[in-house]
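Novice: What follows is a predicted protein model with its sequence.
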Amino acid sequence: MKSRQGTDTPISGAVDTVKTKVIEHPFSFRASTDAELNKLIVAAVNHMGGTGEGAEDAYQQSLRALRGRAEDAVKVVVAEYAALPEDQYLDRWSLVELLSALRHRSALDALGRIVASEIPPERSKDPHSFSTAGEEVMIRTTAVDALGRLRAAGVAEAGRLLLRGAEHSNFSVRRASVQAIMESGSPDEQKALRELLDRRQETRLLEIKRRDVREVPQAIGGRFVVNQDRKNEAPPPELKGRDPI
Amino acid sequence: MASCTYTVPDKNASGDNFYGGVICNQVYIDYFWNTYGFSGNKAYWDDGWGWDDCCNTNKALARAFNACYLLTYSASDYSNDSWSSPILNWGRRLVRENIDDLRCKCGDGSAIATSFGGGLVEVYLGFFYSKDVPGRAETLIHESRHQDGKPHNANFPAGSVFGAGKSGADSTWDYEGAWMYGALYLWWFFAAGARTTTALRNRARQRGNLVIDNAFATHPGFNI
């Protein structure tokens, strides 16, 4: 059984130091002089990361404020996506997620370009730990989901773009595109997809199904745990009436 | 000793923006510090890492605390961390019972975390600034599973973004390795995570699917 460290005494070994520089937000808005719209976009991205009992309501409220100007917002978001440096993966993802949440057909071409774009070479020296290609994949599979939402809403062109996604070089992009077509595509699109997968000898993609987490084999906790002395009751998740420090 | 720098957007979608207001309370700080392996390691978490500024989510310690908050409170019935409940409930217990020495370091710019056994886990700059909050929680779950005595046992499949053909994968979902634990935690967070947004839950879904598609020698045949 492991022992807990008891004190915060200085140590003799070398420790690392870090300096952080803070910027207001990651966007440049070079292509938009509409300060009010820019502010709404920043607010929506910020509320994506909210927490607490009111987090979802606040996020949805920020989306409602943007939906009234969805077409203008899509233009700015697409321009910002193009302007962001490649290595700002989370910020790039947040803009694609925003396009998905806005569900506006004017985002169609941009989403199609994002899905179809090739994944840059791996930049990480330790992809097991952090894969830049993995971050790129998540951006594209989020764009696939956005196209699936548009297809489900009746935007036929989204089906054509998803069929292109089913031929992407990355497995996850193909898998996500196949699932989106099978869930929201027309019978003709599904027929075209089956023919495509037959030609590519990839019909196995049709066998990978989205599941509810309750239906898949679960981890059985506690089988290998070695330390049993750490049970402390957590305080409640919201400390109403308590002063912060 | 290494020195590193990082540019932090004050507010973005990582999940740190609003967690800051929640964790900024001595009750939580004491609980997280004493429960999740920080205790005894002030020397590591000082010198810019946030020990003296632990409510500031631009700094590493507050970002680690945010992951601790998510681990602790994402189940609606968070006080039930019985092993017979979903991993969303007992993930926090897995972490607190397996990591008792959590240290921060600069790292090489790529690595997120390393597990050394004996309860020691190092987390690097990317843990705080490249990963969103659910992703940080997933990392702690993943490393806890290694501490728990379960190594990887296979090579990554062809096309894997984690390094096709290299060691570090789990053979199957049923092996119940670190990748399965991390993906399952993200899956539950997507399906039933409380006190969060649909956007962060979608982010967890995308990351969980990335793991499912790339980290098992044999694909499980299902996804999120």
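Specialist: Structure's in. What do you need? These figures come from a predicted structure and were not determined experimentally.
Novice: What are the phi and psi values at the residue in chain B positioned nearest to chain A?
Specialist: Chain A sits closest to residue B:40 of chain B, with a gap of 2.6 Å, by CB to the nearest CB. Backbone N, C-alpha and C define where each C-beta goes, glycine included. The phi/psi pair for residue B:40 (degrees, to the nearest 10) reads phi 90, psi -10.
Novice: So it sits against residue B:101, correct?
Specialist: Yes - because the distance of 7.2 Å satisfies CB atoms under 8 Å, residue B:40 is recorded as touching residue B:101.
Novice: quick check: longest strand of the chain.
Specialist: No chain was given, so I picked chain A. Ranked by residue count under DSSP state E, the longest strand found in chain A is strand A:17-23.
Novice: um, chain B though
Specialist: Assignment by DSSP E; longest strand in chain B turns out to be strand B:3-9.
Novice: Outline the domain layout of chain A.
Specialist: Chain A breaks down into these structural domains: A:33-85, A:103-119+A:132-212 (assignment by automatic domain parsing).
Novice: Now those domains in JSON lines, please, with extra columns for mean neighbour count.
Specialist: Supplementary listing: the domains of chain A in JSON lines, determined by neighbours: other CB atoms under 10 Å in any protein chain shown:
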{"stretch": "domain A:33-85", "mean neighbour count": "18"}
{"stretch": "domain A:103-119+A:132-212", "mean neighbour count": "19"}
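Novice: Let me know which of those domains is the nearest to residue A:14.
Specialist: Among these, the nearest to residue A:14 by CB to CB is domain A:103-119+A:132-212 (28.8 Å).
Novice: Quick one: end-to-end length of the closest one, please.
Specialist: 24 Å (CA to CA, to the nearest Å).
Novice: Return the distance of it from the chain's centre.
Specialist: Distance, stretch centre to chain centre, for domain A:103-119+A:132-212: 15 Å (CA atoms, centre = their mean, to the nearest Å).
Novice: residues near the spatially closest residue to residue B:150 that is not a sequence neighbour, how many?
Specialist: Across the structure, with CB to CB, 6 or more residues apart in numbering or on different chains as the measure, the residue nearest residue B:150 apart from its sequence neighbours is residue B:177 (5.3 Å). Residue crowding around residue B:177 was assessed by other CB atoms under 10 Å in any protein chain shown; the count is 25.
Novice: can you check the one 4 residues further on too?
Specialist: Using other CB under 10 Å, residue B:181 has 26 neighbouring residues.
Novice: pretty sure it contacts residue B:147?
Specialist: No - Residue B:181 is not in contact with residue B:147 according to CB under 8 Å; the separation is 11.4 Å.
Novice: still on that earlier bit, buried residues of the longest strand of chain B, list them for me.
Specialist: Within strand B:3-9, the residues scored as buried using 16 or more other CB atoms under 10 Å in any protein chain shown are B:4, B:6, B:8-9.
Novice: same question, stretch B:63-83
Specialist: By neighbour count, with 16+ other CB under 10 Å as the criterion, the buried positions of stretch B:63-83 are B:63-75, B:78, B:81.
Novice: Give me the number of neighbouring residues for residue B:158.
Specialist: Residues contacting residue B:158 under the criterion other CB under 10 Å number 8.
Novice: ok, residue 81 - contacts?
Specialist: This is for chain A. A:92, A:95-96, A:110, A:114 (CB atoms under 8 Å, 6 or more residues apart in numbering or on different chains).
Novice: The intended chain is chain B.
Specialist: If you count contacts by CB under 8 Å, 6+ apart, residue B:81 has them with B:89-90, B:92-93.
Novice: Quick one: residues contacting residue A:138.
Specialist: Per CB under 8 Å, 6+ apart, neighbours of residue A:138: A:89, A:93, B:203, B:206-207, B:210.
Novice: what's the following helix or strand after the helix or strand that contains it?
Specialist: Residue A:138 belongs to helix A:132-152 when elements are defined using DSSP states H and E. Next in sequence after helix A:132-152, counting helices and strands by DSSP H and E, comes helix A:156-165.
Novice: Show me what that following helix is packed against.
Specialist: In this structure, helix A:156-165 packs against helix A:108-116, helix A:132-152, helix A:171-184, helix A:187-200, with contacts taken as 3 or more CB pairs under 8 Å, 6 or more residues apart in numbering or on different chains; DSSP states H and E.
Novice: closest to residue B:116 out of those?
Specialist: So among those, helix A:132-152 is nearest, using CB to CB, at 24.1 Å.
Novice: Restricting to C-alpha, output that closest one in PDB.
Specialist: Once side chains and other backbone atoms are set aside, the C-alpha atoms of helix A:132-152 remain, and they are given as PDB (Å, rounded to 0.1, in the frame of the first residue of the first chain):
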ATOM      1  CA  THR A 132      -1.500  16.600 -33.600                       C
ATOM      2  CA  ALA A 133      -2.900  14.300 -36.300                       C
ATOM      3  CA  GLY A 134      -5.500  13.200 -33.700                       C
ATOM      4  CA  GLU A 135      -6.500  16.800 -33.100                       C
ATOM      5  CA  GLU A 136      -6.900  17.300 -36.800                       C
ATOM      6  CA  VAL A 137      -9.100  14.300 -37.000                       C
ATOM      7  CA  MET A 138     -11.400  15.600 -34.300                       C
ATOM      8  CA  ILE A 139     -11.800  18.800 -36.200                       C
ATOM      9  CA  ARG A 140     -12.800  16.900 -39.400                       C
ATOM     10  CA  THR A 141     -15.100  14.400 -37.600                       C
ATOM     11  CA  THR A 142     -16.800  17.400 -36.000                       C
ATOM     12  CA  ALA A 143     -17.300  18.900 -39.500                       C
ATOM     13  CA  VAL A 144     -18.700  15.500 -40.600                       C
ATOM     14  CA  ASP A 145     -21.300  15.700 -37.800                       C
ATOM     15  CA  ALA A 146     -22.200  19.200 -38.800                       C
ATOM     16  CA  LEU A 147     -22.800  18.000 -42.400                       C
ATOM     17  CA  GLY A 148     -24.900  15.200 -41.000                       C
ATOM     18  CA  ARG A 149     -27.000  17.600 -39.100                       C
ATOM     19  CA  LEU A 150     -27.600  19.700 -42.300                       C
ATOM     20  CA  ARG A 151     -28.400  16.600 -44.300                       C
ATOM     21  CA  ALA A 152     -30.900  15.600 -41.600                       C
END
